[in-house]
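Student: The following comprises the amino acid sequence and a computationally predicted model.
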Amino acid sequence: MKKASTVFLQIIIILIGIGTLAFLLWEPHVEGRNTHATLFEIYFSDPFLAIAYLVSIAFFVALSRAFRLLGYIGRNTFFSRESVRDLRTIKYCAMILVAALAAGQTYLFVFQRGKDDIAGGVAMSTFLMFVFSVIAAAAAVSEKTLRSAVAMKSENDLTV
Amino acid sequence: MPTLKRATTHFLRFAIFCLGALVLALCVFALPSIWKGGSEDFPMASKAIFMIVVNLGASAIPFFIALWQALKLLGAIDKGTAFSEASVLALRNIKRCAIAIAVLYVVNVPLLFPIADADDAPGLLVIGMAIAGAPIVVAVFAAVLERLLQDAIVMKSENELTV
């Protein structure tokens, strides 16, 4: 039962990963600036896009860590130092994403405001910043809780 | 360090209140206009739209219960009593609420059929199923956490017996 649930959640994570990757690759095609661009120009002439792809690595790292955590749960080795480390990585990844979104928003406000309609970009990045900061906080709280559980377990293993 | 821990749990509390306020606003403002606009655009499906709106409103109740249980969990974490039967119960209630929401959303999918038919948009059913999938994921996740927490409590009680 436990194994089935963790495998189900792992499948969901893979689906989220594929969906995000597909969205990231597809989205530049509908940008107004790319109306007459060739396939090469779409992906390799926009520095903003390059930065966005670079930052998205943090998202995929966090997903892979979540996938690994579910693996630990399925194998009954969740209460371990590895899990604490993976949760910490997820926390840092979420923080990187929040910082990057904040930087992107600053760029919109400072350089694009007035020249272009920035409302959509600001709204989406504010929403995503909220989501990722909640993930960062949740990961931080679970990391601390898990750490105390691991400490308990190692005491256990010593005494028995 | 305790102050930092407080700060993160306070932030999560704030997030829970934001979600609650958002859903409350949707119930008060969005649902009536879905009912009004939907039955004007698709008069042949107005019965189905009414039932969908009622269903969505009903799903807000387990949602608020789940938020309240999440607040209780955060309180337990702050007090250092996260590994307790009360936390297991809170997670179990969250799981039950998520299942209740999933059932209500699954019931909505066949109700979408008359609208999809009237609008000639079969994709609506796929969207309905995807939305029904989200609470199922939450339910499974809560179930996994519940099991983990139970394991941790067993560990803790062994600890207290040996020491």
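Tutor: Good, I have the coordinates. Residues are numbered from 1 along each chain as shown, chains lettered A, B, ... in the order given.
Student: going forward, measure contacts between C-alpha atoms and count neighbours the same way
Tutor: Noted.
Student: May I ask which helix or strand encompasses the residue nearest the centre of chain B?
Tutor: Nearest to the geometric centre of chain B sits residue B:63, at 4.4 Å (C-alpha atoms, centre = their mean). Using DSSP states H and E, residue B:63 falls within helix B:46-79.
Student: ok, then the element right after that helix?
Tutor: helix B:85-119.
Student: So which elements touch that next one?
Tutor: helix B:46-79, helix B:123-162 (3 or more C-alpha pairs under 8 Å, 6 or more residues apart in numbering or on different chains; DSSP states H and E).
Student: show me where pLDDT drops low in the chain?
Tutor: You didn't say which chain, so I picked chain A. Scanning chain A with the threshold set as pLDDT under 70 gives A:1, A:160.
Student: wrong one, I was asking about chain B
Tutor: Looking at chain B by pLDDT under 70, you get B:1-5, B:163.
Student: Please repeat the previous calculation with a cut-off of 90.
Tutor: B:1-7, B:37-48, B:80-82, B:111-124, B:151, B:154-163 (pLDDT under 90).
Student: in chain A, which residue is closest to the centre?
Tutor: Central residue of chain A (C-alpha atoms, centre = their mean): residue A:59, 2.8 Å from the mean position.
Student: shouldn't it be in contact with residue A:92?
Tutor: No - counting by C-alpha atoms under 8 Å, residue A:59 does not reach residue A:92; the two are 10.3 Å apart.
Student: what distance separates stretch A:19-29 from the centre of its chain?
Tutor: Remark: stretch A:19-29 is offset 15 Å from the chain centroid, using C-alpha atoms, centre = their mean, to the nearest Å.
Student: Pull out the buried residues from that stretch.
Tutor: A:28, A:29 (16 or more other C-alpha atoms under 10 Å in any protein chain shown).
Student: Excluding chain neighbours, give the residue nearest to the residue nearest to the centre of chain B in space.
Tutor: Among residues not flanking residue B:63 along the chain, residue B:97 sits closest, at 6.6 Å (C-alpha to C-alpha, 6 or more residues apart in numbering or on different chains).
Student: okay, now the one you found: neighbour count?
Tutor: Residue B:97 has 25 neighbours, counted by other C-alpha atoms under 10 Å in any protein chain shown.
Student: contacting residues around it?
Tutor: Listed by C-alpha atoms under 8 Å, 6 or more residues apart in numbering or on different chains, the contact partners of residue B:97 are B:62, B:63, B:65, B:66.
Student: let's see 7 Å
Tutor: Contacts for residue B:97 were tallied using C-alpha atoms under 7 Å, 6 or more residues apart in numbering or on different chains; they are B:62, B:63, B:66.
Student: which one of these sits closest to chain A?
Tutor: residue B:66 (16.2 Å; C-alpha to the nearest C-alpha).
Student: which ones are touching that closest one?
Tutor: Residue B:66 neighbours (C-alpha under 7 Å, 6+ apart): B:93, B:94, B:97.
Student: can you rerun that using 10 Å?
Tutor: Contacts for residue B:66 (C-alpha atoms under 10 Å, 6 or more residues apart in numbering or on different chains) come out as B:60, B:72, B:90, B:91, B:92, B:93, B:94, B:95, B:96, B:97, B:98.
Student: Make a ChimeraX selection of the buried ones in those residues.
Tutor: Buried residues among the contacts of residue B:66 (16+ other C-alpha under 10 Å), as a ChimeraX selection:
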select /B:60,72,90,91,92,93,94,95,96,97,98
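Student: quick check, the residue nearest to the centre of chain A in a helix?
Tutor: Yes - assessed by DSSP: H, G, I helix; E, B strand; the rest coil, residue A:59 belongs to a helix.
Student: Show the contacting residues for the residue nearest to it when sequence neighbours are not counted.
Tutor: Excluding the flanking residues, the one nearest residue A:59 by C-alpha to C-alpha, 6+ apart is residue A:93, at 6.5 Å. Applying C-alpha under 10 Å, 6+ apart to residue A:93 gives the contacts A:55-63, A:87, A:99, A:132, A:135-136.
Student: Stretch A:39-54 spans what distance, first to last residue?
Tutor: Terminal residues of stretch A:39-54 are spaced 19 Å apart (C-alpha to C-alpha, to the nearest Å).
Student: Enumerate the positions of that stretch that are buried.
Tutor: Within stretch A:39-54, the residues that count as buried by 16+ other C-alpha under 10 Å are A:42, A:43.
Student: Stretch B:77-87 now?
Tutor: B:77, B:78, B:82, B:83, B:84, B:87.
Student: any residue of the lengthiest helix in chain A up close to chain B?
Tutor: Counting by DSSP state H, the longest helix found in chain A is helix A:119-159. Yes - on the criterion C-alpha under 10 Å from any C-alpha of the partner chain, helix A:119-159 is in touch with chain B at A:130-131, A:133-142, A:144-146, A:148-150, A:152-157, A:159.
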